[in-house]
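Colleague: With the input below, show me the fold.
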Amino acid sequence: MAQVTREMVERAGVNVDQLVELLVKNASAELTTFYYYTILRVNLIGMQGEGVKEIAEVARIEDRNHFEALVPRIYELDGKLPQDMKEFHDVSACPPATLPKDPKDVQGILKVLVEAERCAVRGYSQICNMTAGKDHRTYDLSQAILNEEIEHESWFSEFLGEGPSGHFMRRGETSPFVSKFLQ
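Modeller: From the prediction side, this is the model:
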């Protein structure tokens, strides 16, 4: 644990215990979403599903990267992950992104995907609001994740026909905002 790190964040006026709790809940959401997106992606079949599969895969891999980037910050702030995977799953900041009853319903899968991303956007916005101007490292990390989650939401909402977002699918690079935290 980085003792001075926690001390400085507390001195800046952040409730570190509350912050760590939010980081753990969001880390859980990222790891469980990685798992559930694997199932969703496998079921994106047919002409309509194949068009979404690559984007779902990018979001899936980036969610794993988000988890990997969050873990060091949790421990830097004297937090820890639950020892039990079931417990970790159940503290997730977002509900499980489970497969719809009809696994061939691409629109239903898209709705699950977009709602998962919207939950993530809300969660990281909350952390950014809590840490802005007070905990620069957590703010920077959360803002980087937020940028990618906003792109994910935009991609899926466009497939649902909710309107243009101005965002384009990235080619070649995953986690352009978060990659600096994975070094």
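Colleague: contacting residues for the residue nearest to W155 when sequence neighbours are not counted?
Modeller: Using CB to CB, 6 or more residues apart in numbering and skipping residues adjacent in sequence, the residue nearest W155 is I55, 4.9 Å away. Every residue, glycine included, has its C-beta placed from N, CA and C. Residues in contact with I55 (CB atoms under 8 Å, 6 or more residues apart in numbering) are 155-156, 159, 169.
Colleague: in this protein, which ranges drop under the pLDDT threshold?
Modeller: For the chain, applying pLDDT under 70 flags the ranges 1, 170.
Colleague: Please, where are all the helices along it?
Modeller: 3-11, 16-42, 46-76, 85-90, 106-131, 136-159 (DSSP state H).
Colleague: Let me have these in JSON lines, extended by distance to F181.
Modeller: Shown next, in JSON lines, are the helices of the chain (distance: least, CB to CB, whole Å):
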{"stretch": "helix 3-11", "distance to F181": "15"}
{"stretch": "helix 16-42", "distance to F181": "13"}
{"stretch": "helix 46-76", "distance to F181": "4"}
{"stretch": "helix 85-90", "distance to F181": "20"}
{"stretch": "helix 106-131", "distance to F181": "13"}
{"stretch": "helix 136-159", "distance to F181": "6"}
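Colleague: For F177, which of those helices is the nearest?
Modeller: Nearest to F177 among the helices of the chain is helix 136-159 (3.9 Å), distances taken as CB to CB.
Colleague: Distance from that closest one to the middle of the chain?
Modeller: Relative to the centre of its chain, helix 136-159 is centred 8 Å away, using CA atoms, centre = their mean, to the nearest Å.
Colleague: what angle sits between that helix and helix 46-76?
Modeller: Helix 136-159 runs at 170 degrees relative to helix 46-76, counting by axes from the mean of the first three to the mean of the last three CA atoms, to 10 degrees.
Colleague: Tell me the one of the contacts of I55 nearest M85?
Modeller: F156 (27.0 Å).
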